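*Asks:* Starting from these lines, generate the structure:
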Amino acid sequence: MLQPLPQEVLEPLSAQMSLRSFERRAVVMSKNDTQPELGFLVDGRLQGVDFTVDGRSVGLYFVDPGDYFGELSVVDGQAAAEHVVAATKSTVALLGAQAARALISQHPDLAWTVMMRMAQRVRSVIAQRTLLGLPNPFQRLCVLLLQLAQSNAPHGQAVDQVPTHQELAIMINASRETVTRAFHVLFLHKVLEREGNTLKLVQPDFLKDVAEGRAAPPKA
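*Replies:* Predicted coordinates:
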């Protein structure tokens, strides 16, 4: 987001930021915060989450190093629409909403970047709603794996920094046990392979067929 800015803008900007560390599962940004901030992830990983009326967690998106979050509240001045929690131990740089709003308004390239991000978030929300409308959790998991691979790998063949089963479960409205069983079957049939913290999609076409209902989920 800040790459287009010249050095003479970046240096005083850094003095306005606060650097904070968060342990895993700590709340980085709450939807109840009355003082919104724009956050930049230095290292670690964050997840945007919310809760249903009956208290179930809903995973919305991930934030990876070099990415930013909290822009919606900066733009409209309202409370956040979701919580942001640390998926792993993380370091975050935070900039107050007033300073962030002034920065965006003074730099058209920055404003364009934020507009594109918000458009991307809207498309992601639409895709998430479509995913949750699928009746089968195995099918929903296949859709999500394809989406994650497409978003963070050049050819959509791998998921770097693969989320935990619990993090995936709350994104597809399923239990962690259901996700674990599904992964067991996908590994057994060599649809997926794991290398360190990277999940390789060995048979992406099969995942797509299951996701779109053209093939039945494999059996254990």
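*Asks:* what about the host helix or strand of residue 116, distance to the chain center?
*Replies:* Counting by DSSP states H and E, the element that carries residue 116 is helix 108-132. Taking C-alpha atoms, centre = their mean, to the nearest Å, one finds the center of helix 108-132 at 12 Å from the center of the full chain.
*Asks:* Stretch 9-16 now?
*Replies:* Using C-alpha atoms, centre = their mean, the offset of stretch 9-16 from its chain centre is 27 Å.
*Asks:* what's in contact with that stretch?
*Replies:* Residues from elsewhere that reach stretch 9-16, judged by C-beta atoms under 8 Å, 6 or more residues apart in numbering: 2, 5, 95-96, 99, 103, 107. No exception for glycine: its C-beta is placed from N, CA and C like everyone else's.
*Asks:* Now do stretch 105-116: everything it contacts.
*Replies:* Stretch 105-116 has contacts (C-beta under 8 Å, 6+ apart) with 1-2, 4-5, 9, 71, 75, 103-104.
*Asks:* picking that back up, going by neighbour count, list what's buried in the helix holding residue 116.
*Replies:* 110, 113-114, 117, 121, 128, 131 (16 or more other C-beta atoms under 10 Å).
*Asks:* centroid residue for this protein?
*Replies:* In the chain, the residue lying closest to the centroid (C-alpha atoms, centre = their mean) is residue 62, at 1.7 Å.
*Asks:* And it, what's its pLDDT?
*Replies:* On the pLDDT scale, residue 62 is placed at 91.
*Asks:* Would you map out the domains in this structure?
*Replies:* The chain breaks down into these domains under automatic domain parsing: 7-130, 133-211.
*Asks:* which stretches of the chain have low pLDDT?
*Replies:* 151-156 (pLDDT under 70).
*Asks:* That one: helices as residue ranges?
*Replies:* Counting by DSSP state H, the chain has these helices, from start to end: 7-15, 71-76, 97-106, 108-132, 137-152, 165-172, 176-188, 204-211.
*Asks:* ok and the longest one relative to helix 165-172, angle-wise?
*Replies:* Just to be clear, that refers to helix 108-132. Orientation note: helix 108-132 sits at an angle of 90 degrees relative to helix 165-172 (axes from the mean of the first three to the mean of the last three C-alpha atoms, to 10 degrees).
*Asks:* what angle sits between helix 108-132 and helix 97-106?
*Replies:* Interaxial angle of helix 108-132 relative to helix 97-106 (the same axes, to 10 degrees): 110 degrees.
*Asks:* again, but for the last one
*Replies:* Between the axes of helix 204-211 and helix 97-106, defined by the same axes, to 10 degrees, the angle is 110 degrees.
*Asks:* tell me which residues of helix 204-211 are tucked away?
*Replies:* Residues 204, 206-208, 210-211 are the ones in helix 204-211 that count as buried (16+ other C-beta under 10 Å).
*Asks:* cool, the first one as well?
*Replies:* Along helix 7-15, the positions that meet the burial threshold by neighbour count (16+ other C-beta under 10 Å) are residue 13.
*Asks:* who wins for proximity to residue 35 among the helices of the chain?
*Replies:* When those are compared by C-beta to C-beta, helix 97-106 sits nearest residue 35, at 7.2 Å.
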